[in-house]
Every structure is written in structure tokens, then in C-alpha cells.
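In: Take a look and give me a structure for this.
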Amino acid sequence: MSPGRRALVLVFCLTLPLVTPRIRAADEIQYYASLRSLVLDGDLDYENEYRHFYERDPQGLEGFRDTFLLRRDPVSGRPINFAPLGAAILWAPFFVATHAGVLLARALGASVLADGYSFPYLAAVSFASALYAFLGLLLIHDLLMREGGFADAGAALAVIATWLGTPVVYYMTIAPGFGHAPSLFAVSLLLWLALRARHRGSAAAYFLCGLAGGLAGLVREQDALFLAFPAGLVAWELIRGGAIRVALRRGAALAAGAFLALLPQLAAYRALTGALGPSTLVTRKMTWSSPHALEVLFDPAHGLFFWTPLAFVATAGLLTWASRRRDVVAALLVLLLLLQVWINGAVESWHMAGAFGARRFIAASPLFAFGVAAVLHALRLRAGTPAAAALVAASLWWNLSLVVQFGLKLMDRQRLEWPRVAVNQVTEVPRHVLRSGWRFFSDRERLAREGP
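Out: Below you'll find the model as predicted:
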């Protein structure tokens, strides 16, 4: 194992105690409900799961009750669920193994509940999310070295900066019940397999790439846009070489793999909405002209670049790297970022108020990592290693301090308030972090309820 990979493993081990096994937010409940309902109930009727979580926190989940318990899909009449199945599918092996262990423990006299809600199940899903995201980060590290030409140490530093300097760390540890950690894995796997398919050239390699792309769409529907990367590689080979039969064979294999992977979601759509697509309650929130594309990036209260300054640096680095490299891979990576800006700007809830950071951009982490690696490489050449280290340190300080502010409710969780949020980074966060640190590890639930 290279020194860079050893560093990544070390950071992963250090972050594991931060993983918080809980399911609380509406999106988390939807993702988890699919898993429990399919494995233990054998159906897609979520009413019992929704009622369980609501009854545990009726005050905090009053809005959830109104949207998910008291409403039904207008076509099928079933409880609605906006979360696709991919996260549940990825979590399922860990959930099933945990269920078997719980049943064995009960047979030996333990009192732990085998209901799919008790701590072992939540822990299995939470740590599975952290593991999947870490595997995705390892794939990104490999991409940076193999395709970007960056050295092992530089690639590892770029991955660590992207990991701890963006919302990735929050959704790997504090809120692993969302689909963002599995999303990072699925997209990273898709890009890794796509570049391998490009070098191997076989239809089988493109079929595997299609499966990964379908999985990405299963985890989060907008992540299916990353299939533009392998599709673009196939199109470029056709334009450059003119081998129509070869390109058609590769494209068909790619499409077949994606379609096969998406079949479970199509079946779920049919059962939940009566159609082969998402609920109209979801699609009516989309404006395909993307009227909020600029706000998604530049809005001071909610924009990606204000929540995560490193994303601005990474975007500039990616564009500069692509302009110098001038090949199809670089161009497609820029296209992927533009597609993510477009789709996020098309959503009515583009602001993601109440969430930590611009979480819908976590799938773009491989793209940001390329940009960060390019910037760090340039800084080393022009200003030396200390300058690169300073950029990483500043990015980590800003993001991790913001995590503390958000978690301890020292800030407005609906928006960034300037200059309050910046002042808190240097006044309130240091004052509270040590005092609240012990409570985080000793009574995390009480800390979440009551604050510092």
C-alpha cells in the first residue's frame, strides 16, 4: 500500500468515532424505509415505517407527518417516497447480516429487538455509508494518479482536502442515513470503470460501466447524468476513428448495463406511482430551464461557493487543468460539472435550506478533487509546499468549524447569515468545541436536542 493510501486509511479510522447511527430527517427516513420494508416486510408500503419514526419525535416530524403520513400518491394511493432504491440496495448486505446476528443474539438470550429499528440496524447502515464513501475516495485517489498524472502524495492530499473541506465529511459521519455517501461511491465507481473501459475497449467493460451508471441513478436520480461521461467517450471514439460498429457495440453494452441496473427502480415506480417514473409530486418541482443555476453557486445565503469556498478553488482548478490538457476526458469532466449545476438549478428547492451545505454536489466530489489536485500541484511549483498545506488547512478549518456551528445550532440552520457565521468561526466555535466534545461522545442525542 502506498504512503498516500495509508494516509487515507488513517484519516478514515480517525473519523469512524464520529459516525452517528441515527435516522431522523425526512430524507433519511425515506431511504431507510425502503430498506426495512423490502427486507423485513417484503413490500413497498411504508406506512408502518413512517409511523414508527413519527411517533418517536412527533414535534420534530410534524411536517414529515403532513407530507408522508397524511398524503398518498394520487395515482396508486400508496404512501409516497421520493427516495430511489439505490442506497437501500447498497445497505442491504449489511442490514441482512445484522438481522441474522440479532436473531442469533436473541436465541442466546439477548434482549435486543429484531425489528429493524434497534441500534444494531442503524449502526450497520451508518457505518456502511461511511465505508462506501471511503471506497469512493480511494477510487478518486486512483483516478487522480492514473488519469490526472498526479503523484501519490499530491493525490492523497487533494482527496483529504475534498473529503474534510466539503460536506462529504458531514454526510459520511454526522448524517450517514442520507444517500450522499453511497452516491459518492457509485459516481466514483462509474468514472473509474469508464476510464478502464476506454483503455480496454471491450463491450463487457462498457456493460460494467453501464451497470455502475445505473446504480448511480438508483442511488440518486440526478446522478444518472454522470453516464454522459462514458457516453461521451464512446461518441468521441466514433468521431475520431469512425469505427461505427465498434462504437455501436460499446454504446449498446453501456445502455444495456444501465437499463438492467435501473430495472428495480422502474418496478418501484410502477408500484408507487402507477407509472415508470417518479411521482408527479417530484417532477412538478422541476423547471428544466434551470432558473436558479447561478444562485446555486453564488447566492450568499445558500450558494455552494459560500458554504464551501474550496469548491470555488476546485472549480477554478478544474477549468484551468482542462484548458491546459485539452483532451476529451478533461472536457467531459467539465461537462459533468456543468450538468450538475444545471440540474441543481432546476429544482424548486435549490437552496437546500435546513441541510448542511450544498449536499447535492457531493456526487461531484471526483470533479472537485481533480481541481484541488491541480491547484495544489501549481502551488507547490510556484510557492512551495507550505502554500499548498496552508490552502488545505484553511479549507479544513472553515468546513469543520462550520460543521460544529451547524451541529451545535450556533448558526441559522436555514441559511448563512453574514457576517455572523464568519465571526462565529473564530469566537463561538473555539469556545464551545471542547466543552461539547465530551457530550458528543457520551450523550450525542441529548447534545442534538439541547445544544451546547
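In: In this structure, where is pLDDT below threshold?
Out: 242, 447-452 (pLDDT under 70).
In: Give me the distance from the longest helix seen in it to the chain's centre.
Out: In the chain, taking DSSP state H as the definition, the longest helix is helix 244-273. Helix 244-273 sits 22 Å away from the centroid of its parent chain (CA atoms, centre = their mean, to the nearest Å).
In: can you check stretch 132-143 too?
Out: Here stretch 132-143 is found 12 Å from its chain centre; the criterion is CA atoms, centre = their mean.
In: For stretch 268-280, buried residues please.
Out: Counting neighbours by 16 or more other CB atoms under 10 Å, one finds that the buried residues in stretch 268-280 are Ala268, Tyr269, Leu272, Thr273, Pro278, Ser279. Any C-beta I mention is one placed from the backbone N, CA and C, and that applies to glycine too.
In: And the next helix or strand past the longest helix of the chain?
Out: Of the helices and strands lying after helix 244-273 in sequence (DSSP states H and E), the nearest is helix 280-283.
In: any idea how far the spatially most central residue of the chain is from Leu35?
Out: Nearest to the mean C-alpha position of the chain, by CA atoms, centre = their mean, lies His180 at 2.2 Å. Look at His180 and Leu35: by CB to CB, to the nearest Å, they are 16 Å apart.
In: got it, and Val429?
Out: Noted for Val429: a distance of 35 Å to Leu35, by CB to CB.
In: Ok, Tyr117 next?
Out: 11 Å.
In: who's more crowded, these two?
Out: Neighbours per residue, other CB atoms under 10 Å: of Tyr117 and Leu35, the larger number sits with Leu35, 24 against 16.
In: now that one, nearest residue through space, not along the chain?
Out: Counting by CB to CB, 6 or more residues apart in numbering, Leu35 lies nearest to Ala88, which is 3.8 Å off, once chain neighbours are set aside.
In: count of neighbours near the one you found?
Out: With neighbours defined by other CB under 10 Å, the count for Ala88 comes to 27.
In: which element is it on?
Out: Ala88 belongs to helix 86-107, assigned by DSSP H and E.
In: can you list contacts of that helix?
Out: Outside helix 86-107, the residues that touch it by CB atoms under 8 Å, 6 or more residues apart in numbering are 31-32, 34-36, 38-40, 110, 112-114, 116, 118, 120-121, 123-125, 127-129, 132, 179, 182-183, 185-186, 215-220, 264-265.
In: at 6 Å what do you get?
Out: 31, 34-35, 39, 112, 114, 120-121, 124-125, 128, 179, 182, 215, 218-219 (CB atoms under 6 Å, 6 or more residues apart in numbering).
In: With stretch 417-427 instead?
Out: Stretch 417-427 is contacted by residues Ser401, Gln405, Leu410, Met411 when judged by CB under 6 Å, 6+ apart.
In: ok, back up a step: looking at the contacts of helix 86-107, which is nearest Arg245?
Out: Closest approach between the contacts of helix 86-107 and Arg245, by CB to CB: Leu215, at 27.9 Å.
In: Could you find the closest non-adjacent residue to Gly303?
Out: Nearest residue to Gly303 in three dimensions, chain neighbours excluded: Leu297, at 5.3 Å (CB to CB, 6+ apart).
In: Correct me if wrong: that neighbour contacts Phe306.
Out: No - at 9.0 Å, Leu297 does not count as touching Phe306 under the criterion of CB atoms under 6 Å.
In: so what's in contact with those two at the same time?
Out: With CB under 6 Å, 6+ apart as the test, Leu297 and Phe306 reach no residue in common.
In: Pull out the buried positions in the longest helix of the chain.
Out: By 16+ other CB under 10 Å, the buried positions in helix 244-273 come out as 247, 250-251, 253-258, 261-262, 264-265, 268-269, 272-273.
In: can you check stretch 84-99 too?
Out: For stretch 84-99, burial by neighbour count (16+ other CB under 10 Å) applies to 84-92, 94-95, 98-99.
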